[in-house]
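1. show me how the following folds:
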Amino acid sequence: MVSSRRAAWTLFLLGFLTLFVELVLIRYLAGSVWNLGYFPNFVLIAVFVGTGVGFICHPFISEDRSPWLFQAASFAVMALVLVLTFKRPIVPGFGSWEASIGGELYFTATPAESAGGMWLFVVVFLMVVVSSGLIAQRTAKLFRVLSPLHAYTMDIVGSLAGIVAFMLLSWLHAPPAIWFSILAVPFVVASGARSYWRWLPVAPLVIAAALTMRQDGELMSNPRYEGELEVAWSPYQKVEYVDSMKVPHLIFVNGIAHQTMYPISALQKAFYQVPWDLRAKANLPPYKTVLIIGAGSGNDVAIALANGAEHVDAVEIDPVIARLGAEHHPARPYDDPRVSVLIDDARSVLTGAEHNYDLIIFALTDSLVKVSSLSQLRLENYLFTEESVHRAWNLLADRGDLVLYNYYRRPWLVEKFDRMIYAATDHYPIDAYQRNDFHVLMVGSLHYADVAPKLYYEDLPIPTDDWPFPYLEWRGIPSLYIGAMVGLAIVVALLMIALELATRRKAAEHHSTRVLLLKLAFVGMGIAFLLLETKSIVQFSLLFGTTWLNTSLVFIAVLVMVLAANWAARALRTTWAIPAAYVLLVGSCLVTLVYPLGNLLAVQSGLVRFIIASLMTFSPIFFANLIFSISFRDQTIPEQLFGWNLLGATIGGVIEYVSMAAGYNFLAVIVACCYTIVFALLLLYKRTGAKAAAATT
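-> Predicted coordinates:
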């Protein structure tokens with residue numbers, strides 16, 4: 001029998017390992033599978049399913065076999081890396097230039113050839129499920145050694161350590177070879193296997209690390225490329241830089257051609273020069289102060305300097321791309337003392353800007369990744385909202401200009417941006433330059449369109465801070481997503497039924513109608529909590545930026561709230577604790593409907609904004625976890641309930657797509673409804689227990 005002290009330490013390691021593996025797989029798969037950066041929830045849902053099944057099914061695994069199956073998880077991870085090394089998958093439905101899935105537009109520049117199809121993604125999904133499940137079954141065994149809250153606390157503390165460790169690796173731009181090598185430590189220490197067999201996971205993880213080094217040694221889109229190649233993993237994505245006679249100064253992101261650095265002579269002949277030429281034709285003085293959003297490797301900065309700009313604020317969210325521009329751009333724009341490079345989220349920069357600009361450029365800000373695996377937001381979504389453009393408009397000096405340009409791919413997207421700019425500025429932009437699907441939209445001094453451009457799409461929705469989906473043609477959940485949501489919900493429901501029936505035969509004393517009520521309550525808490533977590537990340541992204549650091553800190557804050565709720569639950573033994581927490585939870589959720597958090601953008605003091613936002617955001621998370629912890633603390637099958645809670649989180653990940661139709665504030669209503677159902681189930685569970693106790697006396 002494992003001692004309590006050893007069990008607590010091992011649970012800490014397993015919590016660390018579970019969270020670390022989740023983050024590793026999300027980042028690695030996004031950088032190794034073309035266009036999967038748009039769908040990180042694919043990996044997250046697989047982790048939730050695997051972990052939930054592992055917790056629920058652990059009674060079928062003997063204590064002797066459990067350490068061996070835990071070690072087998074390392075081989076499952078290696079197998080996943082092997083598949084991605086020797087196959088070259090691409091997300092189905094993507095072409096070489098774009099994908100339009102149910103009305104949502106995705107930008108890409110993917111090599112046309114790809115291996116596998118949907119079956120390959122099924123294989124990848126199952127590998128992630130298996131890896132997570134094999135780790136979870138070991139964690140479940142140890143959950144039974146400690147009291148429920150003690151076990152849960154150690155698991156959460158380990159998860160916190162996992163996030164902090166991965167944050168450090170992200171800050172250092174460590175490659176996957178280091179990630180997979182680090183995994184060997186908790187695998188060895190927490191395995192519980194005897195003698196030299198405990199070292200067994202080292203071999204597959206070293207092989208996985210070596211395979212990722214091989215991947216980083218060749219250009220993802222063309223392994224036969226033999227020119228200069230530099231590969232780095234930024235906190236957001238895999239970045240590749242190539243330079244040869246045929247492919248000069250080109251940056252790839254997650255295997256997709258992203259941006260090229262051009263010499264001044266080429267830039268002056270391209271669209272970059274258009275605003276400056278129009279300015280000269282209008283007999284206006286040249287732009288002196290310039291803000292470039294999405295400065296990337298420096299093309300816009302170089303052309304601004306060449307045209308006499310006196311100061312340029314260059315905003316770029318990815319530090320690796322900015323570094324590559326500083327080191328390799330032919331014009332060396334970032335070496336110029338007139339340039340200030342801001343490695344930050346552009347919306348955050350707009351919110352905090354204190355002086356005006358003659359020219360603000362929304363450059364090619366296309367990201368290929370989401371803010372987090374919990375939400376549908378891309379890194380740039382909050383840039384292209386009515387409120388964001390309005391803020392940029394207010395930052396313009398007299399006779400200043402606002403410029404947006406891109407390969408917009410579809411006519412409806414150009415019209416949507418026209419409407420959004422008009423809503424924000426009371427002026428329609430002019431189409432200052434057009435070539436095929438590339439447009440330069442310009443609004444400002446002497447560049448107003450006197451009449452509205454011809455509009456072809458009636459009631460085309462304008463993206464706002466509550467509904468920040470510029471690339472979604474209409475409000476609503478794309479039909480393909482609806483099919484996937486329904487399909488996944490049915491699969492998870494059938495899985496729950498199968499698990500309930502199977503475990504009922506295994507341990508009949510733990511299965512009754514009353515216990516089923518409790519399991520359903522924990523499913524509901526899982527659904528609602530994931531939506532709360534998603535809402536927290538989205539709201540803080542709006543208020544403080546979509547940087548990887550802000551997102552990671554929100555995750556940490558959520559886990560700290562879980563620990564605080566655990567400690568509070570130890571002390572609260574009154575019968576009114578859950579009803580009071582429920583009332584406070586629903587109230588704190590719904591207050592954002594009356595006073596949306598976006599209103600805090602008007603608060604000038606960053607500290608005051610942070611304090612109010614934290615209270616409004618993390619209060620419902622604390623109360624939600626308080627309900628969970630009080631309900632969890634005295635259970636005889638805590639690991640089973642924890643597994644059901646994780647399967648509920650899977651369904652929550654599916655329901656999150658509702659935000660694409662109703663906006664993010666509406667998630668608060670769904671959360672309130674979920675917890676109302678949870679409260680009713682807990683009340684019914686308590687009453688049936690009281691009746692059963694009365695019947696036996």
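2. helix or strand for the residue nearest to Arg144 when sequence neighbours are not counted, which one?
-> Excluding the flanking residues, the one nearest Arg144 by CB to CB, 6 or more residues apart in numbering is Glu639, at 6.2 Å. Glycine gets a C-beta too; all of them are placed from N, C-alpha and C. Using DSSP states H and E, Glu639 falls within helix 638-655.
3. any idea which helix or strand comes after that helix?
-> helix 659-662.
4. now do that next one: distance to the chain's middle.
-> From the chain centre to the centre of helix 659-662 is a distance of 17 Å (CA atoms, centre = their mean, to the nearest Å).
5. burial of the residue nearest to Arg144, as a residue count?
-> For Glu639, the count of nearby residues is 23 (other CB atoms under 10 Å).
6. and if you look at the one 10 residues further on?
-> Counted with other CB under 10 Å, residues neighbouring Ala649 total 26.
7. equivalent analysis for Leu641, please.
-> For Leu641, the count of nearby residues is 26 (other CB under 10 Å).
8. contacts for stretch 632-644?
-> For stretch 632-644, contacts defined as CB atoms under 8 Å, 6 or more residues apart in numbering pick out 51-58, 136, 139-141, 143-144, 147-149, 151-152, 496, 503, 510, 515, 518-520, 522-523, 526, 569-570.
9. who touches the residue nearest to Lys288 when sequence neighbours are not counted in this structure?
-> Excluding the flanking residues, the one nearest Lys288 by CB to CB, 6+ apart is Glu310, at 4.5 Å. Glu310 is in contact with 288-289, 338, counting by CB under 8 Å, 6+ apart.
10. any idea which of those residues has the most stuff around it?
-> Busiest of these [other CB under 10 Å] is Thr289, holding 18 neighbours.
11. correct me if wrong: that one contacts Ala309.
-> Yes: using CB atoms under 8 Å, Thr289 makes contact with Ala309 at a distance of 7.3 Å.
12. give me the common contacts of the two.
-> The overlap between the contact sets of Thr289 and Ala309 (CB under 8 Å, 6+ apart) consists of Leu359.
13. tell me the contacts of Trp467?
-> Applying CB under 8 Å, 6+ apart, we find Trp467 in contact with 461, 475, 659, 663-664.
14. mind redoing it with 7 Å?
-> Counting by CB atoms under 7 Å, 6 or more residues apart in numbering, Trp467 touches 475, 663.
15. on the three-state scheme, it is what?
-> Trp467 carries the three-state label coil when classified by DSSP: H, G, I helix; E, B strand; the rest coil.
16. how many residues are close by Leu168?
-> Neighbour tally, Leu168, other CB under 10 Å: 10.
17. now Leu518
-> For Leu518, the neighbour count with other CB under 10 Å is 24.
18. let's verify it: helix, strand, or coil?
-> Secondary structure assignment for Leu518 (three-state DSSP): helix.
19. ok so, going back, are any of the contacts of stretch 632-644 buried, and if so which?
-> Using 16 or more other CB atoms under 10 Å as the burial test, these include 51-58, 136, 139-141, 143-144, 148-149, 151-152, 496, 503, 515, 518-520, 522-523, 526, 569 as buried.
20. show the contacting residues for Leu553.
-> With contact set as CB under 7 Å, 6+ apart, Leu553 has no partners.
21. you'd agree it is in a strand?
-> No: going by three-state DSSP, the assignment for Leu553 is helix, not a strand.
22. before we move on, back to that, now the helix holding Glu639, how far from the centre of its chain.
-> Centroid separation for helix 638-655 versus its chain: 19 Å, with CA atoms, centre = their mean.
23. what's the answer for stretch 183-193, then?
-> How far stretch 183-193 lies from its chain's middle: 28 Å, per CA atoms, centre = their mean.
24. check stretch 91-108 too.
-> Averaging C-alpha positions (CA atoms, centre = their mean) puts stretch 91-108 19 Å from its chain's average.
25. that stretch: which residues count as buried?
-> 91, 94, 98-108.
26. among those, which ones are in strands?
-> Among those, the residues falling in strands (DSSP state E) are 98-101, 104-107.
27. most widely separated two among the residues you listed?
-> Spatially, the most separated pair among those is Ile101 and Phe107, at 12.4 Å (CB to CB).
28. what helix or strand is Asn406 located in?
-> Counting by DSSP H and E, Asn406 is part of strand 396-407.
29. tell me the helix or strand right after that strand.
-> Assigned by DSSP H and E, the successor of strand 396-407 is helix 411-425.
30. tell me which stretches of the stretch 1-150 of the chain form helices.
-> 4-32, 41-57, 66-86, 118-143, 148-171 (DSSP state H, counting those that start in this stretch).
31. quick one: contacts of the third one?
-> Spelled out, that is helix 66-86. Identification of contacts with helix 66-86 by CB under 7 Å, 6+ apart yields 32-33, 61, 123-124, 127, 130-131, 134-135, 137-138, 141, 187, 191-193, 200-201, 204-205, 207-208, 211-212, 214-215.
32. quick check, Val231 in contact with Glu240.
-> Yes: applying CB atoms under 7 Å, one finds Val231 in contact with Glu240, separated by 5.2 Å.
33. so between those two, which is more surrounded?
-> Neighbours of Val231 and Glu240, each counted by other CB under 10 Å, are more numerous for Glu240; the result is 25 against 20.
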